[in-house]
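Enquirer: dropping the sequence and predicted coords here.
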Amino acid sequence: MALNRNHSEGGGVIVNNSENILMTYDHIEITFSDIEPMPDAFKGTKKGSVFLTPYRVIFVSKGKDAMQSFMMPFYLLKDCEIKQPVFGANYIKGTVKAEAGGGWEGSATFKMTFSAGGAIEFGQRMLQVASQEFYPGPPVVDGDMGYMQLPPPPYPGPMEPPVSGPDLPATPAAEAKAAEAAASAYYSPVNPHNVYMPT
């Protein structure tokens, strides 16, 4: 998790060029516990918006707080649960580990409360995206096998050239062009809207 790296001066969220916002919710309250010593930025209840990308969860606070934003990559999350209390708003609870150079150290338990609703939808989508092996996290260090660490999508290799139909000419030039096109790009069946091309 990195602290104060994903917000703009106007209070918006900053994401990388390679990612998009899958889901967002306003009226979020987040609190932290089980962190020693507790940095000032983690004290109290933070209010703001939460954003889900294919790689991470980003929180951007409203107002002037010591914590303007923080991001939690999926490979640093552990024990995430969606909670539905009888009294009170639904929330997502879990543990996040500090990212190297992220502005704090150790790990913390977070509780993200959705006061205007949406915890179940956000939490289910977050768990689904995290399990789809999108995030190319760094190698495991110090045996922290309990944290989610997902490899990038597998490269299926060059595809077989298409079989020509009865009304298509099967010339060597056409077959060579088809083989070249098939070997230069592929898509992941998990996310067929994105095409991966070599650089």
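Expert: Arrived safely. Not measured: the values here are computed from a predicted model.

Enquirer: give me the phi and psi for the residue nearest to Tyr25 when sequence neighbours are not counted.
Expert: Closest residue to Tyr25 apart from its sequence neighbours, by CB to CB, 6 or more residues apart in numbering: Gly118 at 4.5 Å. In this view, the C-beta of every residue, glycine as well, is placed from N, C-alpha and C. Gly118 adopts backbone torsions of phi 110, psi 0, taken as degrees, to the nearest 10.

Enquirer: confidence score at Gly118?
Expert: Per-residue confidence (pLDDT) for Gly118: 87.

Enquirer: any idea how far Ser33 is from it?
Expert: Gly118 sits 23 Å away from Ser33, taking CB to CB, to the nearest Å as the criterion.

Enquirer: who has more neighbours, the two?
Expert: Legend: neighbour count by other CB atoms under 10 Å for Gly118 and Ser33, higher for Gly118 (19 against 11).

Enquirer: quickly note the distance from that one to Gln132.
Expert: Going from Gly118 to Gln132 by CB to CB gives 21 Å.

Enquirer: and Ile92, how many neighbours does it have?
Expert: 23.

Enquirer: so how far is Asn191 from the residue nearest to Tyr25?
Expert: Counting by CB to CB - Gly118 and Asn191 are separated by 23 Å.

Enquirer: likewise for Pro37?
Expert: Relative to Asn191, Pro37 is positioned 41 Å away (CB to CB).

Enquirer: compare those two (neighbour count), which wins?
Expert: Asn191 (14 against 8).

Enquirer: for the more buried one, list each beta-bridge partner.
Expert: Beta bridges link Asn191 to Ser188, judged by DSSP bridges.

Enquirer: and for Thr109?
Expert: Thr109 has these beta-bridge partners by DSSP bridges: Ser33, Thr95.

Enquirer: just give the nearest non-adjacent residue to Lys15, would you?
Expert: Actually, residue 15 is Val. It isn't Lys. Thr53 (5.8 Å).

Enquirer: actually Pro39, sorry about that
Expert: Using CB to CB, 6+ apart, the closest residue to Pro39 is Trp104 (5.5 Å).
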